[in-house]
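# Coordinates for the following, if possible.
(chains A and B)
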Amino acid sequence: NAGVTQTPKFQVLKTGQSMTLQCAQDMNHEYMSWYRQDPGMGLRLIHYSVGAGITDQGEVPNGYNVSRSTTEDFPLRLLSAAPSQTSVYFCASSSTGTGGLNQPQHFGDGTRLSIL
Amino acid sequence: AQRVTQPEKLLSVFKGAPVELKCNYSYSGSPELFWYVQYSRQRLQLLLRHISRESIKGFTADLNKGETSFHLKKPFAQEEDSAMYYCALGLYNQGGKLIFGQGTELSVKP
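Next up, the predicted model:
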C-alpha cells in the first residue's frame, strides 16, 4: 500500500520555467491538497480538491495551478517559477468524513524545489 | 479569520523532563484540533486528534474551548520525541481542510 506518492523528490528550476509536481494516492480518498512548508511559517495550503473535477484555492494560490481529472491524481503546476516559490511541497489526502468532521490527513514525502 | 498559533519555534528539554507544546487557535465555528509530527527524514504523520481523547506515545492534549487552546503534553520526554510538531485546526464541514500553526521543534537532550 503506497499511500500518497509524490514525484519528483528534488528539483532545481530556473526562474521563468514551468513544471508539474505529481501526486497520486491509492486510498480512494476524496480530499486532496497541496501545502508548502517554509521555515517559521508552518504549512500553508495552496490548493485543495474535494473530489474529481472540483478544486478550490487555499491561502497561497498565486503562481500555482491544479486540476483533478481522477480521484487518484492531483498535480500541481508552477506556471512561471519564481525564487519565492523555493520551498518544500507536500501533498496530502483524506476521506471527507461524516457529520462535518475532518479525517486525518495522509502526507507524501514531499518535493524539495529550488528556483534559481 | 481562522488562525493557529504556536508561540515557540524551538523547545529544548532534557530527557525525563516534562514537555508542553503550546497551541492556540482562533475559529468561530466548531473546532477540530490535531497534532501532527514530523520526525527527521520522515513524512508528516498524525499524532493525535482531540475527538479521540487518547494518549499516543505518552502524549496527551486537551481541548480548552474557553482558552481556545490545545496544548500537547508529555510528563517525561524521551530522546526519540525530538521532532517538529504542528498543531492544526480542521474547519467544520469543509472536507479535509486544515489550518496549520508555524510548528515547534522539540529537542530532547540526553
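# Give the bridge partners for B:Leu106, please.
B:Leu106 has the following beta-bridge partners by DSSP bridges: B:Leu11, B:Ala83.
# and it, how many residues sit next to it?
Around B:Leu106 there are 20 other residues, counting by other Cβ atoms under 10 Å in any protein chain shown. (Glycine included, C-beta is placed from N, CA and C.)
# for the helix or strand harbouring A:Ala24, packing partners?
Secondary structure from DSSP states H and E places A:Ala24 in strand A:19-25. Using 3 or more Cβ pairs under 8 Å, 6 or more residues apart in numbering or on different chains; DSSP states H and E as the contact test, the elements touching strand A:19-25 are strand A:4-7, strand A:10-13, strand A:31-38, strand A:76-78, strand A:87-94.
# Give the other helices and strands that the second one contacts.
Under the contact criterion of 3+ Cβ pairs under 8 Å, 6+ apart, strand A:10-13 touches strand A:19-25, strand A:111-115.
# So in that sheet, which strands flank it, and in what orientation?
Sheet partners assigned to strand A:10-13 using DSSP bridges are listed as strand A:111-115 (parallel).
# Need the per-residue pLDDT for residue 100.
Just going to use chain A. Per-residue confidence (pLDDT) for A:Gly100: 56.
# oops, chain B please
Confidence score, pLDDT, at B:Phe100: 93.
# surely it meets A:Leu43?
Yes: with contact defined as Cβ atoms under 8 Å, B:Phe100 counts as touching A:Leu43 (4.1 Å).
# Find residues that contact each of those two.
Common contact partners of B:Phe100 and A:Leu43 (Cβ atoms under 8 Å, 6 or more residues apart in numbering or on different chains): A:Tyr35, B:Tyr86.
# higher neighbour count, those two?
The neighbour comparison of B:Phe100 against A:Leu43 (other Cβ under 10 Å) goes to A:Leu43, with 29 against 22.
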